[in-house]
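Participant: the following comprises the amino acid sequence and a computationally predicted model.
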Amino acid sequence: MSLDNQNGPSSSDSSCMPRRAFLKKSAGAAGAIGGALAIAGLGATGGCAATGSTGLAAGASAAKSRRIGPNDRVSIGIIGCGGRGSQLMQDIRAVAQDRNAEITAVCDVWKVNLNNAAAKAKEWSGKQPWTSTRFGDILALDDVDAVVIATPDFGHTPIMIEALKAGKDVYVEKPMSMEISKANEALDLARKYERVVQVGTQRRSEGRFKAAAKEFATGVLGRLNRISAAMNVNHPRWARPYSDCKQSDVDWDAFLFNRPKRPFDPSLLRQWHFYKLCTNGLSGLWMAHYSDSVHMVTGSKYPTSAVAHGGIYVWKDGREHTDTFHALLDYPEGFLMSWGMGLGNSFGVHFHLCGTEGTMDLEKWTISDEGKVSAAKAKSRAIQAEPNESHMGNWIDCIRSRKQPNADIEYGHQHAVATIMAAAALETGRRHLYDPVKREMRPG
């Protein structure tokens, strides 16, 4: 399927409505859609990072969502069809038959990703999906009930906000947000419009983490006072080849989305993890899982303060974010979380919850007396995992039931705050504080 750089569905595809008719039809649902409308509240033109957008006009009211009956198909659009988006498409496929769900629309700014995703969706369903480089086109489709957002990080919350306004349920990848103000707005909209939002912190659907939370709730560790965790690898993470990425195949305005205009740069598109324009670095890219796990197991919600340090010590390959990072987060319940990540040595991966009466190891999945003053000889037992649940399947189930999913947006807001605080502390060299009542962060 050929796609024009600034166009959505190709009029040469007999399964797609010509773009002019499509935009005319969808104008009422999405507001005044044009080739590159400003995204409400962002003051920038164009589309979306690894997705593309026309967006909703400022002040547009939320569209009413279709009521899904027990025998109705759940129609899903994919926004961002790269590595993670492709995996999430596979996750949908794995549960689609049992849950009567189908991928009916795909969106990506890079023609290679877009065509591959469309071919997969057609192979699985036998029907040609809608295609576009602009996410507003997908949000304007009345037949799309929900969207999966798997774009570079800076697109997650802005696109989710537009999807919520359009009446869609949402699966959004982590980190949920790079800005606390946007995370606040998304949470408020999800509650106002009663949307089902599942965040891609899939550990909340894993049986071992559910079991660990129940074990912790018994008080087996005594007084929790510190958590120590680290993820370490020894390779230039996210250093992808990009020689095959041609400007003629990319809707570059759509990729830049709400970022300042700049010349085409295939490295920025393919290695976006390297750049401060696109992500807040290791805290958002990886600490999000650990912060969310801590909140899940302990019941804590937000850190009170955060400090961080790091540097580019190993991989001098053009990356702007640190390859070695360490953050300390203080929680109001009375414990300190230490989290680090390094890309230059794989030794030292661990995840320990340390209390006055023992230690929980979330890498070895044990509870032991180790660290307890009165323990003559440490005893250890395994944490008995509960059954795993499909994270994607849980979301689709909740689209039907209208219940909150395992990784509800409230939990996404919590991990977003933690990771944003750590990133801000690193960037400024100052401790950052969070006020959960005002929902504001400040240096202090």
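Facilitator: Yep, it's here.

Participant: could you measure from the residue nearest to P241 when sequence neighbours are not counted over to M89?
Facilitator: In this structure, P241 finds its nearest non-sequential neighbour in R270, 7.3 Å apart by C-beta to C-beta, 6 or more residues apart in numbering. Quick note: C-beta positions are derived from backbone N, CA and C, even for glycine. Going from R270 to M89 by C-beta to C-beta, to the nearest Å gives 19 Å.

Participant: so between those two, which is more surrounded?
Facilitator: M89 (24 against 20; other C-beta atoms under 10 Å).

Participant: the helix or strand where the more buried one lies: how far from the chain's middle?
Facilitator: Per DSSP states H and E, M89 falls inside helix 83-99. In terms of C-alpha atoms, centre = their mean, to the nearest Å, the centre of helix 83-99 is set 16 Å apart from its chain centre.

Participant: again with stretch 172-187
Facilitator: 9 Å.

Participant: and stretch 280-299, by the same measure?
Facilitator: 12 Å.

Participant: and it, which residues are buried?
Facilitator: 280-298 (16 or more other C-beta atoms under 10 Å).

Participant: okay, and which of these map to strands?
Facilitator: Of the buried residues of stretch 280-299, none are assigned to strands by DSSP state E.

Participant: just the ones of these in helices?
Facilitator: Among the buried residues of stretch 280-299, the members found in helices (DSSP state H) are 282, 288-298.

Participant: export those residues as JSON lines, with columns for pLDDT.
Facilitator: Formatted as JSON lines, those follow (pLDDT from 0 to 100):
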{"residue": "L282", "pLDDT": "98"}
{"residue": "A288", "pLDDT": "98"}
{"residue": "H289", "pLDDT": "98"}
{"residue": "Y290", "pLDDT": "98"}
{"residue": "S291", "pLDDT": "98"}
{"residue": "D292", "pLDDT": "98"}
{"residue": "S293", "pLDDT": "98"}
{"residue": "V294", "pLDDT": "98"}
{"residue": "H295", "pLDDT": "98"}
{"residue": "M296", "pLDDT": "98"}
{"residue": "V297", "pLDDT": "98"}
{"residue": "T298", "pLDDT": "98"}
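
Participant: may I see those residues arranged in a markdown table, with distance to A213 as well?
Facilitator: What follows is those, written out as a markdown table (distance: C-beta to C-beta, whole Å):
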| residue | distance to A213 |
| --- | --- |
| L282 | 25 |
| A288 | 18 |
| H289 | 15 |
| Y290 | 15 |
| S291 | 15 |
| D292 | 12 |
| S293 | 9 |
| V294 | 11 |
| H295 | 10 |
| M296 | 6 |
| V297 | 5 |
| T298 | 8 |
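
Participant: which one among those gets closest to W339?
Facilitator: Nearest to W339 out of those is Y290 (C-beta to C-beta; 5.4 Å).

Participant: does that closest one touch G340 like I think?
Facilitator: No: no contact is recorded between Y290 and G340 when judged using C-beta atoms under 8 Å, the distance being 10.0 Å.

Participant: what sits in contact with each of these two?
Facilitator: Residues touching both Y290 and G340 (C-beta atoms under 8 Å, 6 or more residues apart in numbering): 229, 231.

Participant: now do the spatially most central residue of the chain against N258, distance only.
Facilitator: The centroid of the chain falls nearest to E173 when counting by C-alpha atoms, centre = their mean (1.9 Å). Distance of E173 to N258, computed by C-beta to C-beta: 17 Å.

Participant: check V197 too.
Facilitator: As defined by C-beta to C-beta, V197 lies at a distance of 20 Å from N258.

Participant: which one's more surrounded, the two?
Facilitator: Using other C-beta under 10 Å as the criterion, V197 and N258 rank with V197 on top: 31 against 21.

Participant: who does that one form a beta bridge with?
Facilitator: Per DSSP bridges, the residues bridged to V197 are V170.

Participant: who touches it in this structure?
Facilitator: Applying C-beta under 8 Å, 6+ apart, we find V197 in contact with 160, 164, 169-172, 186, 190, 405, 408-409, 412.

Participant: quick one: stretch 224-238 to chain centroid distance?
Facilitator: With C-alpha atoms, centre = their mean as the basis, stretch 224-238 stands 19 Å off its chain's centre.

Participant: wouldn't V199 be in contact with E410 here?
Facilitator: No: between V199 and E410 there is no contact under C-beta under 8 Å: 9.3 Å.
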